[in-house]
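**Student:** Pasting a predicted model and its sequence here:
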Amino acid sequence: SAAGSVDTMIGQLRAIFRDRGKGSEWLDSFGIGNPAASPQVKSHLKAVKLEQKKALVVKKQATPLMFDKILPLSRLLSYKIATAGVSPSKYLCLRDRAFFKIAAFAGDRANDLGLAQTSEIQCVPDKQGLVQGYLFNHTVGKTLRGDNVRSFWVWKCHNPDICPVLELQTYVSVAKSLGVHLCDGYLFRPLCPSR
């Protein structure tokens, strides 16, 4: 997304952490404080700006999908899933609900997430063996080619209505019961081969 969108998102994250008692600054020597104010985050923003400048990209502000939009969208898709019966539209709504929740938590480009292969995803169990998160390893995307890999984590969230981990588990199990096996290929696959 545009550097301005990334900057806005970082500002919103700083405010969220500040409101939860993390302060306004990151204390690198102690590893405490507001993580959105860390040097790594500032370095990432600088790298995004530099990448866009070198690529001669016309800046376009993206509208980030924020958490206040996820819950109503999830409820709408849940209603459509409940009323669809066993049909292609049930799978599509289930797929889209999982996609949007993961995209909101991952902060990943929608195009890159849409190209995620099931072989690129690893389950991260907790000490009891329950799934606490997933690691996505992208090898292809808008800016990735060849051997380059871009990884991101998606962790369980305290709110089960928007939790991307629970949603991914639901998506995989219900898709399997509908006859859509996600063992290989695209995770968020279309119904027709031509996409």
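**Tutor:** Done, it's in.

**Student:** tell me which element T83 falls in.
**Tutor:** If you go by DSSP states H and E, T83 is part of helix 67-84.

**Student:** roughly how far out does that helix sit from the chain middle?
**Tutor:** Distance, stretch centre to chain centre, for helix 67-84: 17 Å (CA atoms, centre = their mean, to the nearest Å).

**Student:** shift numbering so it begins at 755
**Tutor:** Sure, I'll start counting at 755 from here, so that last one is helix 821-838.

**Student:** got the CA coordinates for the helix or strand following that helix in PDB?
**Tutor:** Sequence-wise, the next helix or strand downstream of helix 821-838 (DSSP H and E) is helix 842-860. Extracted C-alpha coordinates of helix 842-860, given in PDB (Å, rounded to 0.1, in the frame of the first residue of the first chain):
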ATOM      1  CA  PRO A 842     -21.300 -22.900  -4.000                       C
ATOM      2  CA  SER A 843     -22.300 -19.600  -2.400                       C
ATOM      3  CA  LYS A 844     -21.800 -21.100   1.100                       C
ATOM      4  CA  TYR A 845     -18.200 -21.900   0.200                       C
ATOM      5  CA  LEU A 846     -17.600 -18.500  -1.300                       C
ATOM      6  CA  CYS A 847     -18.900 -16.700   1.800                       C
ATOM      7  CA  LEU A 848     -16.900 -19.000   4.000                       C
ATOM      8  CA  ARG A 849     -13.800 -18.400   2.000                       C
ATOM      9  CA  ASP A 850     -14.300 -14.600   1.900                       C
ATOM     10  CA  ARG A 851     -14.900 -14.400   5.600                       C
ATOM     11  CA  ALA A 852     -11.700 -16.200   6.300                       C
ATOM     12  CA  PHE A 853      -9.800 -14.100   3.800                       C
ATOM     13  CA  PHE A 854     -11.000 -10.800   5.300                       C
ATOM     14  CA  LYS A 855     -10.200 -11.800   8.900                       C
ATOM     15  CA  ILE A 856      -6.700 -13.000   8.000                       C
ATOM     16  CA  ALA A 857      -6.000  -9.900   5.800                       C
ATOM     17  CA  ALA A 858      -7.100  -7.600   8.700                       C
ATOM     18  CA  PHE A 859      -4.700  -9.200  11.100                       C
ATOM     19  CA  ALA A 860      -1.800  -9.900   8.800                       C
END
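
**Student:** Can you mark which positions in helix 842-860 are buried?
**Tutor:** Buried positions in helix 842-860, judged by neighbour count with 16 or more other CB atoms under 10 Å: 844-860. C-betas here are computed from N, CA, C, even on glycine.

**Student:** what comes into contact with it?
**Tutor:** 819-821, 824, 827-828, 831-832, 834-835, 838, 862, 864, 867-868, 890, 906, 908-909, 911, 916-918, 921-922, 924-925, 928-929, 932, 934, 942-943, 945 (CB atoms under 8 Å, 6 or more residues apart in numbering).
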